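Undergrad: Dropping a prediction and its sequence here:
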Protein chains: 4
Amino acid sequence: MFTYQTRVKLHDTDAAGLLFYSSIFNIIHDAYEAFMDSHDLNIGKILKEKIYMLPIVRAEADYKLKQTVGDEMTIILTCEKVGKSSFTINYKILNSENEIACTAKTVNVVLEYNTKEITAIPQKLREALISL
Amino acid sequence: MFTYQTRVKLHDTDAAGLLFYSSIFNIIHDAYEAFMDSHDLNIGKILKEKIYMLPIVRAEADYKLKQTVGDEMTIILTCEKVGKSSFTINYKILNSENEIACTAKTVNVVLEYNTKEITAIPQKLREALISL
Amino acid sequence: MFTYQTRVKLHDTDAAGLLFYSSIFNIIHDAYEAFMDSHDLNIGKILKEKIYMLPIVRAEADYKLKQTVGDEMTIILTCEKVGKSSFTINYKILNSENEIACTAKTVNVVLEYNTKEITAIPQKLREALISL
Amino acid sequence: MFTYQTRVKLHDTDAAGLLFYSSIFNIIHDAYEAFMDSHDLNIGKILKEKIYMLPIVRAEADYKLKQTVGDEMTIILTCEKVGKSSFTINYKILNSENEIACTAKTVNVVLEYNTKEITAIPQKLREALISL
């Protein structure tokens, strides 16, 4: 389990006055980057090393409660599945009253940087994911 | 069926060199806004009228082929389901070689503007959706 | 002076591998929202109260050093000018080596919510700005 | 002179109901990419060729009239200056009533891809800029 705290920013909202639906995918990715970073798996470093890539092949979100600018969010990451070369992370987004405002899910696959072929999850990343 | 043409913009991409996964949700919403507009259901006008709101309650996407800046996209909207007070739109994103680069789905519900209660899909919107 | 710490997120970058130029305007606005919040001037609350609005009428940025995903940023806000009904905030963005990676500036005006007429800066906001 | 037509999208707006200030920098960059493309200088192709890069070193915008979702925008690009290794583009954003809603400016420099050293504007790009 990994927990990330943030707030809804003005640029996350739209003219309907609420969080725009695509913004949640930016926000949960921020949480994922923080999780990776906490395991010495900085995304910038991974990109520079050019050993493997981690593209997202599926994403989904369910919006349950309205959220607007300034609202606190607690994002809880858990790992639903660690396969041979792909992994699924679940995100629970809680509001300031600890209610589930949104749930989301991403599926990443691991590709060799040069060949773009599917490859096994590197050991260090596997350990980080199992710790979730 | 409604078709929308666009290109991957630089701001849709990320440092991995490809379309960032959340950008597809911006792009399909652009297509949805164009569809609504083509039926005299301009989103800006709907917001100004303050009669009903159309929040997205679920969104999902499957990323099948890589897309990068400058790539042409054809987005095809079809309506999977028109319920009493919610509707599901499917999006097929084709690249310049007519391959399916991505598929996506959104579910909207209709709320009365003032009460925020679920209400029936307005007739004009229902007709637009059935035409898809 | 107000200081805000963040990191370049993947969604702030583009396919050239670096921070996309418009992202800096999101990031400094995040810093501005945090500053406002620290003075009990939460932007969400201001929008809900419908007493005044604070549109940005001018923005500028100078990009001096490249920044990419995962890079730490320290953003320092200072107030260049507090006028009768407008204010100018300067932003200095430092990288992890304390070098100036970017500078930016925003000018906001104060409008009465209902009439959209220019009005005097509210006292509480004026005090917050003078403290910068 | 190069003209680009678009509309304010929902994701360009914020909870204040208007175009969010950073969005204008995405939108004028879309116009710039369309301009480049019209001169066979597709940004994606330039990035793939790895001969030169065109980072923005300065950007500014003045917001004159409010714009909101669904509003039509006509963006007119003119070239203010073509130097030895940098160029300045001015953007005039007109609303549907042909009023200037916003003006903006970007300054790009040309860097050799490998050395990241400042280099002369390539001839084809120079000709495209002079045509503006």
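TA: Yep, that arrived.

Undergrad: OK, contacts around A:Leu77?
TA: For A:Leu77, the contact set (C-beta atoms under 8 Å, 6 or more residues apart in numbering or on different chains) comprises A:1-4, A:31-32, A:35, A:89-91, A:132. Just so you know, the C-beta spots here come from the backbone N, C-alpha and C atoms, and that holds for glycine as well.

Undergrad: with the residues you listed in mind, which one is nearest to C:Lys45?
TA: When those are ranked by distance to C:Lys45 (C-beta to C-beta), A:Tyr4 comes first, at 23.5 Å.

Undergrad: okay but the closest one is in contact with A:Asp37, surely?
TA: No. Using C-beta atoms under 8 Å, A:Tyr4 makes no contact with A:Asp37, being 10.6 Å away.

Undergrad: Of these two, which one has the most company?
TA: A:Tyr4 (20 against 15; other C-beta atoms under 10 Å in any protein chain shown).

Undergrad: how close does that one sit to chain B?
TA: In this view, A:Tyr4 and chain B are 16 Å apart by C-beta to the nearest C-beta, to the nearest Å.

Undergrad: swap in A:Gly44?
TA: 7 Å.

Undergrad: ok, that residue - how many residues close by?
TA: 21.

Undergrad: and what of A:Leu65?
TA: 14.

Undergrad: mind checking which helix or strand it is in?
TA: Of the helices and strands defined by DSSP states H and E, none includes A:Leu65.

Undergrad: Identify the residue nearest A:Ile130 in space, chain neighbours excluded?
TA: A:Val82 (6.2 Å; C-beta to C-beta, 6 or more residues apart in numbering or on different chains).

Undergrad: Any idea how many residues pack against that neighbour?
TA: 18.

Undergrad: Then the one 3 residues further on?
TA: Burial measure for A:Ser85: 15 neighbouring residues, criterion other C-beta under 10 Å.

Undergrad: Run through the bridge partners of the residue nearest to A:Ile130.
TA: When bridges are taken as DSSP bridges, the partners of A:Val82 come out as A:Phe87.

Undergrad: For chain D, see how far away it is.
TA: A:Val82 is 33 Å from chain D, by C-beta to the nearest C-beta.

Undergrad: Looking at the contacts of A:Leu77, which one is closest to chain B?
TA: A:Tyr32 (10.8 Å; C-beta to the nearest C-beta).

Undergrad: that older thread, I'd like to know which of the contacts of A:Leu77 are part of strands.
TA: Under the assignment DSSP state E, these contribute A:2-4, A:89-91 to strands.

Undergrad: Now A:Ile28: closest residue in space that isn't a chain neighbour?
TA: A:Tyr91 is the one closest to A:Ile28 (C-beta to C-beta, 6+ apart), at 4.5 Å.

Undergrad: pretty sure the one you found contacts A:Phe35?
TA: No. If you go by C-beta under 8 Å, A:Tyr91 and A:Phe35 don't touch, sitting 10.3 Å apart.

Undergrad: surely the residue nearest to A:Ile130 meets A:Ile121?
TA: Yes. Look at A:Val82 against A:Ile121 with C-beta under 8 Å: they come within range, at 6.8 Å.

Undergrad: what is in contact with the two at once?
TA: In contact with both A:Val82 and A:Ile121: A:Leu129, using C-beta under 8 Å, 6+ apart.

Undergrad: Compute the distance between A:Thr68 and A:Glu97, please.
TA: The spacing between A:Thr68 and A:Glu97, counted by C-beta to C-beta, to the nearest Å, is 14 Å.

Undergrad: typed the wrong thing, it's A:Glu72
TA: Counting by C-beta to C-beta, the gap from A:Glu72 to A:Glu97 is 9 Å.

Undergrad: what's the answer for A:Gln67, then?
TA: For A:Gln67, the distance to A:Glu97 - C-beta to C-beta - is 12 Å.

Undergrad: neighbour-wise, which of these two wins?
TA: Between A:Gln67 and A:Glu97, counting by other C-beta under 10 Å, A:Gln67 is the more crowded of the two (25 against 8).

Undergrad: Apart from its neighbours in sequence, what residue is nearest that one?
TA: Closest to A:Gln67 by C-beta to C-beta, 6+ apart is A:Leu19, at 4.4 Å.

Undergrad: tell me, which helix in chain A spans the most residues?
TA: When chain A is parsed with DSSP state H, its longest helix is helix A:23-38.

Undergrad: Run the chain-centre distance for that one.
TA: Here helix A:23-38 is found 4 Å from its chain centre; the criterion is C-alpha atoms, centre = their mean, to the nearest Å.

Undergrad: now swap in stretch A:84-100 and tell me
TA: Distance, centroid of stretch A:84-100 to centroid of chain: 8 Å (C-alpha atoms, centre = their mean).

Undergrad: How about residues contacting that stretch?
TA: A:24, A:27-28, A:31-32, A:57, A:64-65, A:67, A:71-81, A:101-110, A:118-121, A:129, A:132.

Undergrad: my guess is A:Cys79 meets A:Leu129, correct?
TA: Yes. The criterion here is C-beta under 8 Å, and A:Cys79 meets it with A:Leu129 at 4.9 Å.

Undergrad: Can you pick out the residue with more neighbours from the two?
TA: A:Leu129 (21 against 17).

Undergrad: That one: which element?
TA: Going by DSSP H and E, A:Leu129 is part of helix A:123-131.

Undergrad: List the buried residues of that helix.
TA: A:125, A:128-129 (16 or more other C-beta atoms under 10 Å in any protein chain shown).

Undergrad: ok, of those residues, which one's closest to C:Ile43?
TA: A:Ala128 (35.0 Å).

Undergrad: residues from chain A in reach of chain D?
TA: A:10-11, A:13-18, A:20, A:22, A:68-69 (C-beta under 8 Å from any C-beta of the partner chain).
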